[in-house]
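Colleague: Compute the structure for the input listed below.
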Amino acid sequence: MGLFKKYFNQTRKPEGILGKIMINGMNGGHAKMAEWGMSFLGTLIAPHEIVDLGCGGGGNVERLLTKYPVAYVSGIDYSSLSVEKTKKLNHKAIAEGRCTVAQDDVSDLHLEENKYDMATAFETIYFWPGLEKCFGQVAKILKPNGYFVIVNESDGMDRASLQFEKIIDGMKCYKAEEIQNALEKSGFSIVQICHHESKPWITVIARKKN
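Modeller: You can find the predicted model right below:
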């Protein structure tokens, strides 16, 4: 495997030196997309318990703590490097008792059931091993009527992301309708699907059914 491919494969599960380099670029590289996605929440959601699934470099945990100053935010990732980076970035909130970060697998979550008001997934579901299975795990930890917010840079049709599918092992870019179908089969109803006016970014907001 060439160095180029090795580096971009760190997107899935950062490890080693290349993984550290990848994580360091995640927060800045995904910032505008994350802020765009979060802009659709507005006053729609006022959560007290939030979990960010696939927290990467921890930038979105930090943004959620800022956007919802009375909320408790948990970060989950299956990369130990991502957990370490997220803890360092959000050390103040952790010390204040507003945040925890842990290593876990979204396909088999070890989180309390029916606990969270909102779950978020920024630029991560491409690597989840089966959407319906993983979305079912998300539904399990959300309260009835809890929200699930998915923000992707790819709408499943843009050329650049489809090229990355060929480079990154286990990556799958999904169209909005594919995400919607998997959500509806996993106990969610769709609240809103948003497409960026000039970029292939999508935001999907779903709500767990009672």
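
Colleague: Taking the centroid of this protein, which residue is nearest it?
Modeller: By Cα atoms, centre = their mean, the chain has its centre lying nearest to Ala121, at 1.9 Å.

Colleague: Kindly list the main-chain dihedrals of that one?
Modeller: phi -140, psi 100 (degrees, to the nearest 10).

Colleague: okay but it is in contact with Phe135, surely?
Modeller: No: applying Cβ atoms under 8 Å as the test, Ala121 and Phe135 come out as separate, 9.5 Å apart. Any C-beta I mention is one placed from the backbone N, CA and C, and that applies to glycine too.

Colleague: Are there residues contacting both of these two? Which ones?
Modeller: Phe148 (Cβ atoms under 8 Å, 6 or more residues apart in numbering).

Colleague: In three-state terms, label the residue nearest to Cys194 when sequence neighbours are not counted for me.
Modeller: Leaving aside its sequence neighbours, Cys194 sits nearest to Thr203 (Cβ to Cβ, 6 or more residues apart in numbering; 4.3 Å). Following DSSP: H, G, I helix; E, B strand; the rest coil, Thr203 is assigned to strand.

Colleague: bridging residues for Thr203?
Modeller: Taking DSSP bridges, one finds Val151, Cys194 as the beta-bridge partners of Thr203.
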